[in-house]
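K.L.:
need coordinates for the below:
(one chain, ligands or ions: 1)
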Amino acid sequence: MKKNILIAFSLIFNCFLANAQNPIIKHIFTADPAPIVYRDTVFLFTGHDTASVSATNYKMPDWHVFSSTDLVNWKDYGAALSPKTFSWATGDAYAAQCIERDGKFYWFVSTFHKKDDRSNGGAAIGVAVSDHPTGPYKDAIGKALIINEMTTDLKHAWDDIDPTVMIDDDGQAYMFWGNGSCRWVKLKKNMIEMDGEINIINPKNYIEGPWVYKRKDLYYLLYASKGTKPEMIEYCTAKSITGPWTYQGIIQENVPNSFTTHPGVLDYKGKSYFFYHNGSLPTGGSYRRSICIDEMFYNADGTIKKIVQTEAGVAVK
Ligand code: CA
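P.N.:
Prediction:
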C-alpha cells in the first residue's frame, strides 16, 4: 500500500517536472555550468555528479558537453573529457570552462595532480583542446597549467580550482580561479602558457567558482560566496579587468537542496541568461546536483538585478 502511494506521488512529481524547464538536464546529475555560443548554437560544458544518495562527498568522474538552440532541448554528447585524459591527473572532475579562440576550443578544467616530481599533489588546473566544441579533446600542454605549489597564500591543497577564462577586446586572455582567494593571470595567445605573474584579489565574501566576462564597458566578476553557508552568488564590477573591483552585492540567494551553487552567464538571441545548479531533482542533493537556467536582467547602470529562481525556467522562441 505504502509503495503504491509512493509511486503515485512520484508520478505526480514527475508530471510537474515534465512541465518545468528547470532543471534543464534530468537524465543525469550535472553541476558547474559553463555555456558558450558558437555559430548560433549554445554549447554547455558541465561537471557530472555520480555520488550515491547516501554519499557525503563528491564523485565526479568526467565532464559532459550538451548543445541546444532553444535552451529547452539539450543534446548530450556524453563524457567528452575526463581526468584520465591528463596523464598527470588523478581524482575528480571539478569545475571547468571552455572557450573558443581562432577555431580551437580550450577547455580549462580543475582536477587533482598525482604526487610526482613536479607536484606534491592537490588541486590543479589543466587545459584540453579540440577543433570542435564536442571533441575529441586531448591534453593541450602535457602537464598542468597551474599546480598547488604555484599559489601559497592559502595552505589547503584544493585552493587551485574553478578556472574561468575570458579574452578581452584587445585579444589579451585572462584566467581567474581559486577557492578561498581569487587569483588571476594573463595567458599567452596560445592559451596554454601564463604571461606574467599570478595576482591575488579578495572580493568580499568570496569562496570559489568565479565567472568573468565583459558587457559594454564594464567587467564582471561573479562568484560563489559565503552566503549563509550554503553558498550564494555575489559579484563585483570594474572598469579594468586588472581592477580595482567594486563590490556590488548578492545576485542569487541560496538554492534548493544544495550547499554549493555556481554561476555561468550567457547572452543568446538578444537576452541574458544565468546558469547555476541546485539539488532539485528527485534524490538530488549537494553531491547530486542539477543545472538550471533563469533569465538575467541588468539595470541601466550595468548592475545586475537579483536572479529570480523558477521551476518554469526559460525557453528561446
Ligand atoms: Ca595553492
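K.L.:
could you pull out the strands in the stretch 201-317 of the chain for me?
P.N.:
206-215, 218-225, 232-238, 246-252, 264-268, 271-278, 290-296 (DSSP state E, counting those that start in this stretch).
K.L.:
which non-adjacent residue is nearest residue 313?
P.N.:
Of all residues not flanking residue 313 in the chain, residue 21 sits nearest, at 2.8 Å (C-beta to C-beta, 6 or more residues apart in numbering). The way it works is simple: take the backbone N, C-alpha and C, and place the C-beta from them, glycine included.
K.L.:
what helix or strand is that neighbour on?
P.N.:
For residue 21, there is no helix or strand it lies in under DSSP states H and E.
K.L.:
count of neighbours near it?
P.N.:
18 (other C-beta atoms under 10 Å).
K.L.:
out of the strands of the stretch 201-317 of the chain, flag the one nearest the ion.
P.N.:
Judged by C-beta to the ion, the one of the strands of the stretch 201-317 of the chain that comes nearest to the ion is strand 206-215, at 13.0 Å.
K.L.:
in CSV, list the strands of the stretch 201-317 of the chain along with mean pLDDT and mean neighbour count.
P.N.:
Formatted as CSV, the strands of the stretch 201-317 of the chain follow (pLDDT from 0 to 100; neighbours: other C-beta atoms under 10 Å):
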stretch, mean pLDDT, mean neighbour count
strand 206-215, 98, 21
strand 218-225, 98, 23
strand 232-238, 98, 22
strand 246-252, 98, 17
strand 264-268, 98, 20
strand 271-278, 98, 22
strand 290-296, 98, 23
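K.L.:
the residue nearest to residue 313 reaches residue 316, doesn't it?
P.N.:
No - using C-beta atoms under 8 Å, residue 21 is not in contact with residue 316; the gap is 10.7 Å.
K.L.:
how many other residues sit next to whichever residue of the chain sits closest to the ion?
P.N.:
Among the residues of the chain, residue 151 lies closest to the ion, at 3.7 Å counting by C-beta to the ion. Using other C-beta under 10 Å, residue 151 has 18 other residues around it.
K.L.:
could you measure from it over to residue 145?
P.N.:
12 Å (C-beta to C-beta, to the nearest Å).
K.L.:
do the same with residue 75
P.N.:
For residue 75 relative to residue 145 (C-beta to C-beta), the value is 29 Å.
K.L.:
who's more crowded, these two?
P.N.:
residue 145 (23 against 13).
K.L.:
for that one, which non-adjacent residue is closest in space?
P.N.:
Of all residues not flanking residue 145 in the chain, residue 125 sits nearest, at 5.1 Å (C-beta to C-beta, 6+ apart).
K.L.:
and that neighbour, what are its bridge partners?
P.N.:
residue 110, residue 146 (DSSP bridges).
K.L.:
for it, give me its contacts.
P.N.:
108, 109, 110, 144, 145, 146, 160, 161, 163, 175, 177 (C-beta atoms under 8 Å, 6 or more residues apart in numbering).
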